[in-house]
Each structure stands twice: as structure tokens, then as C-alpha cells.
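Participant: sequence? don't have it. structure:
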RNA sequence: GGGGGAUUAGCUCAGCUGGUUCAGAGCAUCUGCCUUACAAGCAGAGGGUCGUAGGUUCGAACCCUACAUCCCCCA
């Protein structure tokens, strides 16, 4: 049979993914004989498509889950999506608009029908894409945050928290998106640098004709909402205005001058107009000074009747017009340009967010935050890397109440029902609400039609924060087998950008509803950026299509490529070179397989490879220990690098070369047996990173039983052999001799195959004898001999206290050889001197620990030996 | 403005409580090779006064103090 010299992943990947599913390897169910290992996916937006961030995040999860599965744990990775309320609604609105339908023309029910249609069409594409990446999720457990059961969980929690007195309605300053006509969270606001205009306006001082107070503002259209002008009490320029009033230009309304140290003396004119309804800081100032609130902005960004002037016009149109009108009225002193930051909507990038007072639902955080901080502080939940603990603490100590209502339709409608008298009841269902309402009002004839449910829906995070519990139906059925077995989950993999508003809140929900943390470790990935360090974005077009990448480089190549440079918490600078490296690694493994596959065993041959076999076992065991340690510490890229080097450098470059029989010659059976066992061990260690190629080779390497897959093969356990250090040190020395020979070949341009002689003048003749076979094979040496002196006309190199000679008639440049050796000697002498100096220092001798002292003495002895050998070599020239 | 993190080879990063061979890895670079597993490869080589300036110590990339630069979070 002939195997292609390059590995082609496309044929292989679909086949194995299908078989894994047929075998049900990814399905998990409570099994008391096994330790559970649970991961819940950070649910992506149901209508989203896979991007590079998902690739990184899900690769890491799959590595963790696959390894746990191989370790014999009941590995359960729960997939699913969230309904991404504002993003999805914005998409649906845009789509309808293209069809000429305005949202305002539809009823809530009609709109939701459209939205579900959209969701059913595009929803879940992303989950199909994850399969191409190799994600080993238990697909039977796929959940969606807006499915009936999860919706019920959300409503139950809302009712419960309301009954506990933790949910309240209140007027607050929110970020208002006038286009979507909803409040959005701080995290959905994107600051943008802009050049803004600063308008200097004269407010006439009441009762003092000709006196003005000049106020600087970037938003002149809000003067109708002014309720005061504030100045700093320490500002002498305004001391005379104590107790005075000023008149709003154009409008003529009188407002007081107030004094507050909040006002910066050197910003603008030092006088600040106070507009509590339209600026958070002003709002707080207003509360402090007991000022009224005048809200002049309608939900759609136009001015309402409270503005008196410009009613019904958009705020930006008004800004232009009022500047002109102020100018004409002689109230505009000047306009200055200045660099400022405008808050934009993440979902509607062309829309300026307005701070707006609004009636919203809030969840009190203090009670929930305290224990959630505690469990991170005491490491019940560990953050990886731990530097995020500080950030977490800072946020939790300054937590604000959570605005959980959104003025949207796509989401869970708030289960609050208003009564004709203006009061409301909160209940899980309309029927319950009616019952409550009747009781509350004492009117048994109250009908459902008398109740009006709150129009708003809940923030999407109000469903995602329940995710680790709700995916196991822990609200509907709090004592069911799944939740008891799989909760708390083990590891959560997500980005630090949602540490607060998702991770922290899940911790709160877990503690509140299960009295247990939702997970034990939080692995925080970085952001995937391009090679120049820019964030990947559609606008820049710097994000490759993940599926194209998989098609081009194979899922295994992409997975390893992403992990190569992705230490936890660090941003990943994506470069196509990384996935190339991953692809090349697949190919390397493929070719190692091709080599081994071609070997024919001959039972009559003696076992000649004891040294390589013993040595590679030592390397393998050491690597397993190292990998386990890396995994323990969530250092995925280091674990990958360990196996990468073991496969490429130790197995392929060294071991296989050592045991490889001559072309078309058979190999001894014992060596082949060991080699195949090693190959299997490597496939297992590699499998979490490269599931597809390892499965393919697993089946190519031997006949397998129907359930014998590397996916469910036991994770290798290290058994560290006796004398491991010695085994490795000896081989290292032998390989150093080989490297010395190869260096000579390179320097003398001899080519890799020209047979050479090697003469060793060594203090370790046993080593040279033991490893002669390896030295001959890897160095293409015809004959190794021991001698007390080097032959004339030879090139030499010194290793430790030994000197090695390669006779080379006609290739010797005596002067150059001498120069090279002298340089080495000088270097060694300098080194000896520094060690001697250190040892000669009395304080060092007194203070250093014995083992440190011993090491220094050893260094000195080594240096002495080397110097002696070099001196000999020079003499011999 | 407040808080946090960072600064080690061209790039991305390791470097555990200060002391193994004058600082390590991967990638990139350079040189030579199509040596029947692999040119998506093989062999070899070069490259860093560990941001700057002080200090503690027998000894500092590691500890302390300033300063500089960058990033993040909050306001």
C-alpha cells in the first residue's frame, strides 16, 4: 500500500466525527462509578456564526473535556446558545425593514413570530460549525436560553428574587439607545473619540442688567432641561453670585446658581449648567442639591413637550438650529472645537447613546455580591491567570444594582402585571397573577383582561447567569439526578471582558440557588487579534473565516495553531503562520506513521535498540509528568509545546532515526513492538489537541475492536523509571558527540553521508562503547576507535573532558583550528576564574547552602577538565 | 483622576520561594543539503549588558525605591 507523503485532513475529519457520534462517546449520564467532569459552553448568540474568538475558546474547552474523558471521568460538555436579546432583535428589525415592514406596524406576537422564524432558519448554525472544529459536546443536551424550560427558570428566579425583596422598580439614569428604543448596559456602550464643539453661552443674571454668567456646554439643545448653574465655591470669579439666579437663554426660565466642589475650575468657563435628566453627574448633583428633574427627551431622540421649544425635532437637528438661534439672540459667545468622547451603541454603531432617566427594574446586588466575592477570595473558585482576582475584587466591592429590564420584545417578558389601580403583582403565570391581584385588591371579579403585563423583557444576562443550573433543569426539578451529579461544574472557559457581568453573576446565582459555586476554575482566554495587534473586526476585514481555515489547514492544524501562542489571559496575535505550523505538525506525525507503517518485523533478528528504547521511555515518562503539571496549572499551550517537542524532536528526529533499519531491511520484532507502543502513547497524549489525525492513525496503526478508539483510550499515567536522570544524561552526551560530528560536517562541507572515522580520547570510554551504534548511525561514522592521542591531520572537538578527532586529509587548516581552540580555551579559563572567585569569597562559603556550594565545586571541576582537554588538543596540533 | 497588570532574543512568551553549565522555548533569520517517512522537510549556526537609574545582598531577570513607556478596568 502506498500512503500520500502529505496528510489530507478533509477526508478524515468528517468520517471520525460521525463515528464518534454513532458510538455515543460524547454522551454523558450520571454514573456513580465515575468522577464527573462538567463544562458548560459560554452560549454563543443563537444567530451568530463562528469567529476566531469562538475557535480559541472552544478549542480550549475541547482539550480539557477530551483529556478528562480519557482520564476516565464522566465528561459532560453542555452546548447551547443564548437569545442575545438586543443583537437578535436589531437584526430582525433590520431584516423586516428590508422587506418594508416597520416594527411599529407589528404586534408583539407578530414580531416574535418573525423573530422565531429567523432563529429557526439561522439558529444553531454556529453549533454545526463547532462540530467541524471537533468539539466533543453532548449534543443531546443542547439548550437555548429562550426555550420553554429555561424561560420558566428565568421567570421563577425573577418571582423569587422579587418576593425576597431584591428586585425593585426605580428611576435611574440609563444608557438609552434611541434607535432600538431601549436601555442598554454599560458594556454595550462603545466610547468613540470625536471632535466636538464647545458652545459658550451667556446666561443673564437676574436683577443685574448687563451681567452674564458664561457657561460652556457641548450640548446646547439641553438648555431647556437646565435646573441650575453650578460653580466651584473656591472660584473667586463667581463668589459674588451666591444666592443669585440666572435666566436660561431663549427660554427665559430662571434657575439658581449653586456651589459645589465637583465643578472643575479650569474646565470650560468654570460654570457648569446642570441638567439632571440628561447627564449622570448632573443627576447626582441634582439629587445632592435637591433640584427638580426636567426630562425633555422622547424615547426616539426627539424633544418632547417639556422642552417647550423645538418640540418633536431630533436632538441633533435642534443642536444645529439652537446654535443659530442663540447666535441671533446674542447669547452665543463663541464655539470651540475640542477632542471628546461620545458614547455610541455597540449594536447600532451610528447611534449616539443618551443618558436618560427611565423607569426600570433593578436587582439589588449587595446581598448577592458579598458571598460571590468571598468564594473567589478564598480560592474556592480559582481564576486563571490569577491576576484577574484583583479586577474581580475591585468590581465586586463597588458593585451597582443591576438594571435587568430591556425595552425589547425578544426575550423573557417581565412577569409583572399592572392592575387598573396602578399597582402591580409579580407572578409566574398570568393565572397566578390574577389570583394574587384578586387577593390584593379584594375584588374577586377581577378578570385577566384587567391585568396588563409589563411590556419589557429581561436582560439576556438574566438568563445566562442561570446557565450552569438551568441546563440541568435545576430550577424546575432541583433534586434531579443530572444536577446532583454534574453540578457544580468544573471549568469555565471564557473571556475576561465578561468576567463581571456573566461570570460573577453565575457565581451569585449558584450560591443563591444551589448554595454551591457553579464551577471551580475559570480559565480566561485572551482576545484574538491580528498580527499587528488589532482587534479582529468585520469592518477591518482582518478576521479569517474559521471554516475556510479548517478546510485549508485541517481542524487539528487550526486547533494547535491557535494554542501555540495562547497562554491564559494573553491576547493571541493571530498569524496564518501559526496554523501553518499546526498543519506542518499534522504532516510530521503523518510521516512518522508512514515510516513506521512500512517496517516489516523479523523475529529472528536480535534486539539491538535497548539504549534508544530505554531513553525514549525516559523522555516519554518525563513528558507525561510535565504535561500533567501544565494541565494542572491550566497552561494549555505549554502542555501542547511539551508534546510537540516530544513528538518532533525526541521521537521523530532522534528515536526513529536511531532505530530505523536500513532501506528495505526488516526491523527486529522487539524494537517494533516498543516503537508501536510509544506511537500509541503519543497519539493519546496528542489526542485532546488533535482529535482527528490521532483517531485516524490509531486505527491505521493496528486492528481495533469496535469500541477501541483513542477518544476513549485511557490517558497515559507516568511511571518514572529508575535511573531516569542517568539514562537521559548518558544519551545527551552521546547525542552531543553526534552533534559535534555534524558540526564538523557542516563546517567542512562534507555532506551528511560521507563515511567518516571517529577517534575518541575520552575519560568515559564506556559511554562511547555503549553508544557506538547510535554514534555511527546518526553521525554516518564508519568506525569509532579509542586512543590516547589524536591522529595527525584531523579536526577535533572537545566535550567535557573528552576530545574527539575526525581524520580529514586535505581539509585541515591548522591556523584556523588553533584559533578556534584558543578561543574556546580562553572562554573556559574565564569561566573557571569567575567560579574560583565565587568560591574564594568567604562570605559566599559561609552563607550559601551546601548544595549550591557543591554545584559550584562541580562547575570548577568540569571547567578544569575541559581546560585540560583543550590544552591537550592545542598541543596535538 | 483612582486602581490593576506589564516591560526578557526580530516576534510571541517561559523563567516556581534570589544561587544548577557566564539567561530558555517556539516562530522568524542565516548557512549547507531534494540524505527513498516528511522541502509542510533535514543538519548546523547566529542573536538578549532581562525598560532606565539607584538600593538591599557574598550573589538579583527575580526583592525595595524612583522614573519612563505600554495595556486593561473604573470614574
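Facilitator: Perfect, thanks for sending it. Every value quoted in this text rests on a predicted model; they were computed, and no experiment measured them.
Participant: which other residues reach stretch A:153-172?
Facilitator: The set of residues external to stretch A:153-172 that reach it, using Cβ atoms under 8 Å, 6 or more residues apart in numbering, is A:145, A:357-364, A:367-368, A:403-404, A:412, A:414-416, A:426-428, A:458, A:462-463, A:466, A:469-470, A:474-476, A:509, A:513. Glycine gets a C-beta too; all of them are placed from N, C-alpha and C.
Participant: stretch A:574-591 now?
Facilitator: Contacts of stretch A:574-591 (Cβ under 8 Å, 6+ apart): A:3, A:5-7, A:9, A:52, A:528-531, A:536, A:544, A:549, A:552-554, A:556-562, A:564-565, A:644, A:647-648, A:652, A:682, A:686, A:690, A:693, A:697.
Participant: please apply the same query to stretch A:288-298.
Facilitator: A:176, A:222, A:224-228, A:258, A:260, A:274-278, A:283, A:285-286, A:303-304, A:306-307, A:315, A:354, A:356-357.
Participant: mind doing that once more with 7 Å?
Facilitator: The contact list for stretch A:288-298 (Cβ atoms under 7 Å, 6 or more residues apart in numbering) reads A:224-225, A:227-228, A:258, A:274, A:276-278, A:286, A:303-304, A:306-307, A:315, A:354, A:356-357.
Participant: just confirm yes or no for it near RNA strand B.
Facilitator: No: using Cβ under 7 Å from any atom of the strand, stretch A:288-298 stays clear of RNA strand B, coming no nearer than 13.9 Å.
Participant: can you give me the end-to-end distance of that stretch?
Facilitator: 25 Å (Cα to Cα, to the nearest Å).
Participant: for the top strand by length along chain A, packing partners?
Facilitator: Assignment by DSSP state E gives strand A:189-205 as the longest strand of chain A. Identification of packing neighbours for strand A:189-205 by 3 or more Cβ pairs under 7 Å, 6 or more residues apart in numbering; DSSP states H and E yields strand A:212-217, strand A:245-247, strand A:332-345.
Participant: again, only this time at 8 Å
Facilitator: Identification of packing neighbours for strand A:189-205 by 3 or more Cβ pairs under 8 Å, 6 or more residues apart in numbering; DSSP states H and E yields strand A:212-217, strand A:245-247, helix A:315-329, strand A:332-345.
Participant: give the buried residues for that strand.
Facilitator: Within strand A:189-205, the residues that qualify as buried are A:198-205, counting by 16 or more other Cβ atoms under 10 Å.
Participant: among the contacts of stretch A:574-591, which are in reach of RNA strand B?
Facilitator: Near RNA strand B, by the rule Cβ under 7 Å from any atom of the strand, you find A:5-7, A:564-565, A:648, A:652 out of those.
Participant: show me how to select, in ChimeraX, the buried members of the residues you listed.
Facilitator: Buried members of these, defined by 16+ other Cβ under 10 Å, are picked up in ChimeraX with:
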select /A:7,564,565,648,652
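Participant: hmm, which of the ones next to RNA strand B among the contacts of stretch A:574-591 is lowest in pLDDT?
Facilitator: By pLDDT, residue A:565 ranks lowest within those, coming in at 78.
Participant: which one of the helices and strands packed on strand A:189-205 lies closest to RNA strand B?
Facilitator: Ranking the helices and strands packed on strand A:189-205 by proximity to RNA strand B (Cβ to the nearest atom of the strand) places strand A:332-345 first, at 7.6 Å.
Participant: after that closest one, next one along is what?
Facilitator: Once the chain leaves strand A:332-345, the next helix or strand it forms, by DSSP states H and E, is strand A:354-363.
Participant: is the longest strand of chain A anywhere near RNA strand B?
Facilitator: No: contact of strand A:189-205 with RNA strand B (Cβ under 7 Å from any atom of the strand) is absent, the minimum separation being 8.1 Å.
Participant: in its sheet, what does that strand sit against?
Facilitator: Applying DSSP bridges to the sheet, strand A:189-205 is found paired with strand A:212-217 (antiparallel), strand A:245-247 (antiparallel), strand A:332-345 (antiparallel).
Participant: ok now the shortest one, how far from the chain's centre?
Facilitator: This means strand A:245-247. Centroid separation for strand A:245-247 versus its chain: 55 Å, with Cα atoms, centre = their mean, to the nearest Å.
Participant: mean confidence for that strand?
Facilitator: 92.
Participant: try stretch A:174-194
Facilitator: pLDDT averaged over stretch A:174-194 gives 76.
Participant: quick revisit: greatest separation within the ones next to RNA strand B among the contacts of stretch A:574-591: which pair is it?
Facilitator: A:5 and A:565 (28.0 Å; Cβ to Cβ).
Participant: quick one: low-confidence parts of the stretch 451-600 of chain A?
Facilitator: Within the stretch 451-600 of chain A, the segments meeting pLDDT under 70 span A:539.
Participant: near RNA strand B, which residues of it?
Facilitator: Taking Cβ under 7 Å from any atom of the strand as the measure of proximity, the stretch 451-600 of chain A contacts RNA strand B at A:496-497, A:500, A:533, A:564-565, A:567, A:570-571, A:573, A:577, A:580-581, A:583-584, A:586-588, A:591-592, A:594-595, A:598.
Participant: separate out the buried members of these.
Facilitator: Among those, those classed as buried by neighbour count (16+ other Cβ under 10 Å) are A:496, A:500, A:564-565, A:567, A:573, A:581, A:583-584, A:586-588, A:591-592.
Participant: do you know how far residue A:816 is from residue A:446?
Facilitator: Noted for residue A:816: a distance of 106 Å to residue A:446, by Cβ to Cβ, to the nearest Å.
Participant: err, residue A:226, not the other one
Facilitator: 45 Å.
Participant: who has more neighbours out of the two?
Facilitator: It is residue A:226, of residue A:226 and residue A:446, that has more neighbours when counted by other Cβ atoms under 10 Å, with 26 against 18.
Participant: I figured the more buried one hits residue A:255, correct?
Facilitator: Yes: taking Cβ atoms under 8 Å as the definition, residue A:226 is a contact partner of residue A:255 at 5.7 Å.
Participant: which residues do those two both contact?
Facilitator: residue A:248.
Participant: how about the contacts made by the residue most central in space within chain A?
Facilitator: Among the residues of chain A, residue A:525 comes closest to the average C-alpha position under Cα atoms, centre = their mean, at 1.8 Å. Counting by Cβ under 8 Å, 6+ apart, residue A:525 touches A:53, A:56-57, A:60, A:493-495, A:566, A:568-569, A:572.
Participant: tell me how far it lies from residue A:67.
Facilitator: 17 Å.
Participant: and residue A:796, by the same measure?
Facilitator: Separation of residue A:796 from residue A:67 (Cβ to Cβ) stands at 49 Å.
Participant: what number of residues lie near residue A:267?
Facilitator: Residue A:267 has 10 neighbours, counted by other Cβ under 10 Å.
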